[in-house]
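Student: Coordinates for the following, if possible.
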Amino acid sequence: MAGIRMAEPTGVRDGFARGGGSGELRQSNLTAILRYLRDHGPSSRHDTARGCGLGVSTMTDLVGDLRSRRLVVELDPIRRPGAGRPTRPIALDGEPWAVMGVHVEVDRIHVKGTTVGGTDLWQETATASFTDHHDGAEVLARLVVDQLAHVGEGLQLVAVEIAVPGYVTPDGMAVTSRALGWDGAGVGKAVRAALSDAGLPDVSVGLSSDFHLAGLYAARAQLSDASSTVVAYFGGVTEMGSALVVNGEIFRGAGGGAGDLAHLHVQADGAECWCGRHGCLNSVVRVQELLAHAGLRTPEEAAELVVTDPEGAVKLLADGAAAGDEAVCRALDRAGTALGRAVDDVLGSVNPHAVILGGYVGHLASYLMPALDRQLRARVHEGPYAGTRILVTEEEAPPVTEGAVLAARDACLYDPLGLTTPLR
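Tutor: Coordinates of the predicted model:
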């Protein structure tokens, strides 16, 4: 789709709208109810109707449809203090419908399956050889189909979301990835064809950048009000990645590349990054650069270590800082200054409610924050920016697979008429 897509439903990017007229309005209203319950938890019909701008009679009809599809369920009645009749809250159900989140790395994929309601079904890591094969998209498609064996009896797979280390075309079908050696690889078409051959032609297939999905998960996990906030995410394993999440949804921009904050220019004489720029944030704060700048490894040794032992590489920095190694502390102070410059620019251009630091950035945050705070001091004293929160997550690696699962579940919530059928 052309143009800026703000708060677009994640994982549903077919390039066309399903239905039309009254059918499209009904779909929109059903989705509004499902999103409200996703974001607010079990709620009364009255609160849900008010939150979605729906009338009582319309609400009754729509809830009946969603109950018949096992997408919502009525809970036991509760009596509110001072109220009349007990109310029966409604909540997300979705247990008959399965989804799959897939995180693609250079030599393996991580897969997690859940129900649309969020019940875990299976989790697996499978080895792969994407860079050695002439058609990595076909390899990935076969791996996805292999996972169908885990979808239990009585469940129907309705959506798959695939996280890739690269850029996805605006139609959500093709991938360009330096890490995988893909240049416009037709991943979406290949996976859809493979699922169709396996007897599942109607499964929704979505593709997203891995850091977009990590940011999506971080925003929803860290903020109780993610559906009404703007969040900037920075994280990574050994290199910096980033995302913007607006109102609980990935902000993709005109061509799918919005939120590429890890490549903001922060240092005139900085090292060269894989993106071709000198002095972008990633080139200054990536683990390889920090190890070399701290004198813990030569540049060549650092480059090898982040590939062979990424967790060990980050631990070297953390241990050195904890021991008060002056060279390590200077390297991390320099990195915190660079990160602060980038965050300062983000605060001025996007004015987010929160900035989330995850992955290795979160792991090292206590050593980065003093310099980051110094860079932000002038900015956060101004009224519009004073309320911005800097949050740190505790995960060792960006939660990409979890984000892919969220996006796959969203696909069903945003297309209930197309992906589910009445069961009673």
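Student: and residue 156, what are its phi and psi?
Tutor: phi -130, psi 130 (degrees, to the nearest 10).
Student: Burial check on the closest residue to it other than its chain neighbours, number of neighbours?
Tutor: In space, and not counting its chain neighbours, residue 156 is closest to residue 97: 5.9 Å by C-beta to C-beta, 6 or more residues apart in numbering. Where C-beta positions appear, they are placed from N, C-alpha and C, glycine not excepted. A total of 25 residues lie near residue 97 under the criterion other C-beta atoms under 10 Å.
Student: Need the phi and psi values for residue 97.
Tutor: When read as degrees, to the nearest 10, the backbone of residue 97 gives phi -110, psi 130.
Student: now residue 159
Tutor: According to degrees, to the nearest 10, residue 159 has phi -150, psi 140.
Student: Could you find the closest non-adjacent residue to the spatially most central residue of the chain?
Tutor: The geometric centre of the chain, computed from its C-alpha atoms, lies nearest to residue 213 (C-alpha atoms, centre = their mean), at 1.7 Å. Excluding the flanking residues, the one nearest residue 213 by C-beta to C-beta, 6+ apart is residue 403, at 3.1 Å.
Student: pLDDT (mean, whole number) over stretch 191-206?
Tutor: Taken as a whole, stretch 191-206 has an average pLDDT of 97.
Student: do the same with stretch 63-70
Tutor: Averaging pLDDT along stretch 63-70 gives 96.
Student: Run through the residues that contact residue 375.
Tutor: Listed by C-beta atoms under 8 Å, 6 or more residues apart in numbering, the contact partners of residue 375 are 336-337, 339-341, 343-344.
Student: at 7 Å what do you get?
Tutor: 337, 340-341, 344 (C-beta atoms under 7 Å, 6 or more residues apart in numbering).
Student: Also residue 91?
Tutor: 37, 42, 72-73, 75.
Student: Which members of those are positioned in helices?
Tutor: Among the contacts of residue 91, the subset assigned to helices under DSSP state H consists of residue 37.
Student: Closest to residue 185 out of the contacts of residue 91?
Tutor: residue 37 (36.4 Å; C-beta to C-beta).
Student: quick one on the thing from earlier: JSON lines for the contacts of residue 375, including neighbour count, distance to residue 203 and secondary structure?
Tutor: Below are the contacts of residue 375 laid out as JSON lines (neighbours: other C-beta atoms under 10 Å; distance: C-beta to C-beta, whole Å; DSSP: H, G, I helix; E, B strand; the rest coil):
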{"residue": "337", "neighbour count": "19", "distance to residue 203": "47", "secondary structure": "helix"}
{"residue": "340", "neighbour count": "22", "distance to residue 203": "44", "secondary structure": "helix"}
{"residue": "341", "neighbour count": "20", "distance to residue 203": "44", "secondary structure": "helix"}
{"residue": "344", "neighbour count": "20", "distance to residue 203": "43", "secondary structure": "helix"}
